[in-house]
Structures are given as C-alpha cells and as structure tokens.
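Undergrad: take a look and give me a structure for this.
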Amino acid sequence: MFVLSLVTVLFILVEDVKAASNWCEIDGVIRYISYESECLRSNWYTESNVTTMWIKMKTGCCLNEMITFDETFGNGTTLTKSFYFLDNNYINIKTLFIRESSQDVQILVYERARPEGLFVSFGCYNGNKNCRTSVNSSTPSKIDYNQKGISLYSDIDQKFWIWYYLPNARQPVQLFINGVVKQSVVYQYMVKISLGEPYSKKRFLFTGNSDENMIRFEEGLTTGTFIPKAVCDRFGYKRFLLFKEGENYENVTTRDCTCQREGVKLLKNYYYNYPDCVYNSSLFDLALTNLTTYNWKSITISIEITDWYSVIFAPDKFWTFIREYEDVKYLNFTVFDMKEQVNVEFQMSVYINKLIISSIGNYYFIEDVVINTVEYKESLRNKVLFSVDGKLVSNDGNLNRCGRRAFYSKSDDVVCFCNYTNNNWEPNTLDLINQNDCFNDTKRAELTLQIDSNEYETTSIENWGKIIFKGIKVKVTGSSTLCGQNVTVQNTVAIHNKLEIQNTLFLSEKSNLVVSNKGKWPTHKK
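TA: As a prediction, this is how the structure comes out:
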C-alpha cells in the first residue's frame with residue numbers, strides 16, 4: 001500500500017511540473033519554459049492542433065514595441081508557427097524577431113490587424129548560433145501581403161513565399177525583403193487583379209536584396225507568363241517590377257529609380273508611383289518633374305518624408321520646401337546636383353552628403369545646411385555658388401561663406417565684395433544669388449564695401465567688415481555713421497559724416513584722408 005501511494009505521489013508531481021511548462025514572456029522574449037508561479041503573457045496567447053501552433057496577438061501587445069519569439073532551447077516541436085494579429089485589435093509592436101532552430105518548421109506571418117510597416121527579422125544575431133542554418137524547400141516562410149506594408153530580414157535564405165491578396169481598388173503597399181544573403185522569393189497571386197501597363201504601380205513586386213533569377217511565380221488566380229525585372233539598383237538593393245511575356249524589358253536596370261508624388265505634400269502614405277517610396281526613400285530620386293502639369297510659377301513642397309537619394313527639379317519654376325510638421329528637422333540628400341535655370345528656397349535645415357555643382361542656379365538655404373563633401377570645379381572659383389541665411393557647415397572644408405554667399409574656400413577675397421562703382425551697385429538688388437546681402441546690415445559685417453565712385457551717401461548706419469576707398473577722389477556724405485572693422489584708403493577721401501574704424505586703418509603713399517567729423521578711430525595705422 002505504501003509503495004503504491006508513493007508511485008501515485010510521484011506521478012502527481014510529474015504532472016504538476018508538466019502543467020507548469022508553457023510559452024511565457026520574459027523581458028520581451030516568448031520562450032517555452034518551466035515556471036513556478038506566474039507565466040507572463042502581455043496580451044498574446046497560443047493555440048495548437050496536431051499541425052500548427054498559433055501565436056495570436058491582440059490589443060495591448062506587447063510590453064514594448066519589440067517582441068521576440070524564441071524556439072532555440074530544445075523544445076523540439078516541428079509544428080508550423082503561425083503569427084496571427086487578431087481582427088479589430090490595435091497591436092503596437094514595430095519589430096518582431098523570430099528565432100527558430102529547426103529547418104523543417106514552417107513560419108507563417110498573417111496580416112489581419114498586423115501593424116503597418118512591421119519589421120520581421122528571422123534568425124539569430126549577436127553571437128547566438130542556435131538558429132537554423134537552412135530552410136527546407138518544402139516549408140518556406142510564407143507572408144500574407146495585402147493592405148499593410150511589411151519589411152522582412154533574414155540571416156539565411158529564408159525562401160520567402162508571398163501570398164498576394166491586395167485587391168484592385170487598393171494602392172500597393174510596402175514590401176521590403178533583405179538579408180545577410182540574397183533572398184529567393186516565390187510570388188503567388190491569391191486574387192485576380194489587373195496588372196496595368198508596364199512600369200505602373202500594380203507591377204510592383206518588392207524592393208530588396210535578391211536577383212531576377214531568384215524570383216519565381218507560383219500559379220494563382222492572376223495568370224500569365226511573368227518575368228521579374230530590376231528597374232533600379234542602388235547600394236545592392238533592387239526595385240523589382242513584373243513584366244509579361246512579349247513586353248519590352250531590355251536595359252531597364254536603371255530606368256526607374258524615381259519617386260513621384262501625386263501632389264505637393266511628401267507624406268508617409270502610398271500615393272507615390274511605387275510603394276517603396278514611403279520606407280525606402282533614401283534609395284530613390286525625388287522627381288518633381290510631374291508637377292509641371294500644375295499651371296503654377298511657384299510650387300511649395302511640404303516635407304514629411306525627409307530622406308532621399310537625390311532630387312530632380314523641373315526648370316523655370318520657383319520651388320519652396322517647408323516642413324509639414326514642426327518635429328521634421330533635416331531634409332537629407334545623398335547626392336544633390338545644382339544646375340542653372342533652377343530656383344529653390346529651403347525653409348528648413350538641409351543635410352547633403354555629396355554636393356555637385358554642374359552649373360550655378362539660384363539655391364537659397366534659409367536655415368542651416370550641412371554639406372559632407374563637395375566636388376571642386378576650378379571654373380567656378382571666385383563664384384557665388386548658392387545662398388545661405390543660416391549656418392553653413394562644410395565637413396571637408398572646401399566651402400566657406402560671407403554674408404549670404406557660399407563659395408569655394410580657394411576663392412579670392414573679391415567674392416565677398418559689394419562694389420559701388422560709378423553710382424551703381426554690383427551685385428545689385430536684382431541679383432538673387434546674393435539675396436541682397438549688401439543691403440542687410442546683419443550681413444554686412446562679413447562683407448567688404450569697395451567704393452570706386454566720386455560720391456557715396458549713407459542714409460542709415462552701415463557696419464561693414466572691410467571698407468576700401470578705391471576711387472581717385474571720393475566724397476562720403478549722409479546723416480548716418482559709416483563703420484568698418486578695417487578701412488583702406490588708396491587715394492583722396494573726404495568724409496563729411498561720421499566714420500568709425502574698429503581695428504585698423506590702412507594708408508598708402510598716395511592716401512589723403514580729410515575728415516570733418518572724426519568719429520571713432522583705431523589706435524594704430526598701417
């Protein structure tokens with residue numbers, strides 16, 4: 001009797017231990033564990049049958065914006081893992097990490113209430129080597145692609161299988177497929193759609209790290225002989241479109257690296273020529289040429305999407321860039337090519353990784369501009385290249401500024417001159433490249449006033465960095481003070497108003513300076 005009771009007790013203990021093992025969450029990681037008191041599940045749960053295990057997420061999932069599913073600790077199940085986002089729920093995660101040890105386990109990621117733009121990463125990183133190193137071709141990872149954009153990443157060829165459910169009436173959405181290695185992709189149309197003309201957005205497949213020969217089409221409800229082609233290739237990432245048999249798809253590799261907006265607000269939605277413009281904009285050229293259909297001389301572009309490879313302007317328009325929201329900081333370009341007949345005003349800060357100045361246009365940066373590198377052209381030395389009101393940061397040191405003028409650092413001092421010659425100004429008020437800095441007292445302190453005229457009159461206080469009296473005989477009149485950090489007198493100058501010199505007065509052998517009202521003078525002369 002005693003022996004039987006002991007066996008019974010041991011059986012009960014074993015059953016209790018088994019009952020206390022389950023899928024639980026620890027520090028944002030879902031793992032099959034044994035627990036003593038509580039199994040944490042932050043608004044997710046699991047269900048299983050003989051073939052499949054569902055990880056179902058609902059409103060409030062998860063503790064933070066990142067969740068990890070980890071089956072690398074020897075649970076040993078080969079059940080299909082289905083990640084399911086329950087309808088009519090708000091799931092706030094942005095990143096889902098999936099770690100799986102068995103090559104025979106199929107992983108399914110459904111859409112339903114899946115968060116827009118979810119990033120799903122397959123594999124082990126940071127030295128963890130317990131994940132699978134290959135995927136069985138009979139159990140590819142299948143992704144539901146419908147009305148919510150998604151980005152996929154894998155440390156191995158995950159053999160992604162895309163179920164295309166997007167209806168005709170909907171805009172195509174983001175599909176980005178990337179990895180440590182190139183990814184093979186199977187595309188299957190689960191609905192019948194109209195593919196439209198070549199290069200239309202309905203032809204979009206995905207953007208990412210793959211090759212044309214690694215993409216194939218499985219028979220579905222939209223049928224035909226389909227050919228995948230990369231129409232853009234930048235930094236190893238390709239934009240793939242679908243072509244039908246018989247269509248011309250020769251030499252298309254760099255044909256369409258553009259993003260065109262259906263309007264003047266660059267918002268984070270899918271009203272672009274291709275859906276990858278929303279999340280992968282830094283790979284593509286912002287093409288504004290389609291906006292020439294607007295019968296406007298001036299066009300204002302409102303910015304929410306801030307990162308672009310480059311920008312293509314239509315000539316003979318006046319373009320203005322503004323923030324769509326206050327928290328938008330810098331507008332970023334990998335390459336920016338300045339050209340003539342282009343008029344642009346940036347009313348927001350700009351970062352340019354590489355600046356090319358093919359020819360001089362009219363570019364005005366009202367706020368700060370940071371330029372990492374600039375191509376030097378000797379033919380443009382001593383030229384004003386563009387205008388800056390805010391701070392100019394030249395990381396390679398090849399650009400400098402005075403007033404509102406940006407120029408090559410190798411330029412001579414003459415680039416900072418405001419010339420008053422024969423009663424005329426050069427540059428004058430119509431010269432937009434300088435943005436009238438000669439007539440702005442906050443900018444004059446960085447500029448040089450050179451007077452080569454018989455008379456010069458002040459109507460308000462003028463504060464200059466340097467003043468050069470070049471004329472044979474110059475008479476200065478007016479009711480206001482003329483100020484200069486350094487003043488050079490080359491010939492005869494008669495000052496009938498107040499002259500203030502902050503630092504140094506330079507005189508030549510031919511100098512003759514007559515002052516009616518001395519003002520402020522330096523303690524030393526040269």
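Undergrad: residues in contact with the nearest residue to Asn146 once chain neighbours are set aside?
TA: Leaving aside its chain neighbours, Asn146 sits nearest to Tyr165 (4.1 Å; criterion: Cβ to Cβ, 6 or more residues apart in numbering). Every C-beta, even on glycine, is put in place using the N, C-alpha and C of the backbone. Tyr165 sits next to 111, 144-146, 190-191 when contact means Cβ atoms under 8 Å, 6 or more residues apart in numbering.
Undergrad: ok, now with 10 Å
TA: If you count contacts by Cβ atoms under 10 Å, 6 or more residues apart in numbering, Tyr165 has them with 111, 144-147, 188-191, 193.
Undergrad: any quick ChimeraX command for the buried ones out of the residues you listed?
TA: Here is the ChimeraX selection string for the buried members of these, based on 16 or more other Cβ atoms under 10 Å:
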select :111,144,145,146,188,189,190,193
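Undergrad: quick one: the helices in this protein?
TA: For the chain, applying DSSP state H gives helices covering 2-19, 441-444.
Undergrad: worst average pLDDT in the ones you listed?
TA: Ranked by mean pLDDT, the helices of the chain bottom out at helix 2-19, with a mean of 39.
Undergrad: how many residues are close by Asn269?
TA: Taking other Cβ atoms under 10 Å as the neighbour definition, Asn269 ends up with a count of 17.
Undergrad: isn't it up against Glu304?
TA: Yes. Here Asn269 reaches Glu304: they are 9.2 Å apart, a contact under Cβ atoms under 10 Å.
Undergrad: what's the residue closest to the geometric middle of this protein?
TA: Asp307 (1.3 Å; Cα atoms, centre = their mean).
Undergrad: mutual contacts of Asn269 and Glu304, please.
TA: Counting by Cβ under 10 Å, 6+ apart, the common neighbours of Asn269 and Glu304 are Val278.
Undergrad: so who does the residue nearest to the centre of the chain touch?
TA: Listed by Cβ under 10 Å, 6+ apart, the contact set of Asp307 reads 279-284, 286, 330-334, 351.
Undergrad: for Asn454, same thing?
TA: Contacts of Asn454 (Cβ under 10 Å, 6+ apart): 422-423, 471-475.
Undergrad: how much space between it and Ile472?
TA: 8 Å (Cβ to Cβ, to the nearest Å).
Undergrad: show me where pLDDT drops low in the stretch 151-300 of the chain?
TA: Low-confidence segments of the stretch 151-300 of the chain (pLDDT under 70): 253, 293.
Undergrad: residues in a beta bridge with Glu457, which ones?
TA: Counting by DSSP bridges, Glu457 forms beta bridges with Thr477.
Undergrad: I figured it hits Ile495, correct?
TA: No. Contact criterion Cβ under 10 Å: Glu457 and Ile495 do not qualify, at 12.0 Å.
Undergrad: more neighbours: which of these two?
TA: Ile495 (21 against 14).
Undergrad: where do the strands of the stretch 1-150 of the chain begin and end?
TA: 21-26, 29-34, 44-48, 52-57, 66-71, 80-85, 95-100, 107-109, 118-122, 142-145, 150-154 (DSSP state E, counting those that start in this stretch).
Undergrad: mind listing what's buried in stretch 314-331?
TA: 314, 317, 319-321, 323-324, 328, 330-331.
Undergrad: please apply the same query to stretch 386-396.
TA: Applying a neighbour-count criterion of 16+ other Cβ under 10 Å, one finds 386-389, 392, 394 buried in stretch 386-396.
Undergrad: what do you get for stretch 66-78?
TA: 67-72, 75.
Undergrad: ok, now stretch 341-354?
TA: So for stretch 341-354, counting by 16+ other Cβ under 10 Å, buried means 342-346, 348-352, 354.
Undergrad: and of those residues, the nearest to Gly28?
TA: Proximity of the buried residues of stretch 341-354 to Gly28 (Cβ to Cβ) peaks at Tyr351, which lies at 33.2 Å.
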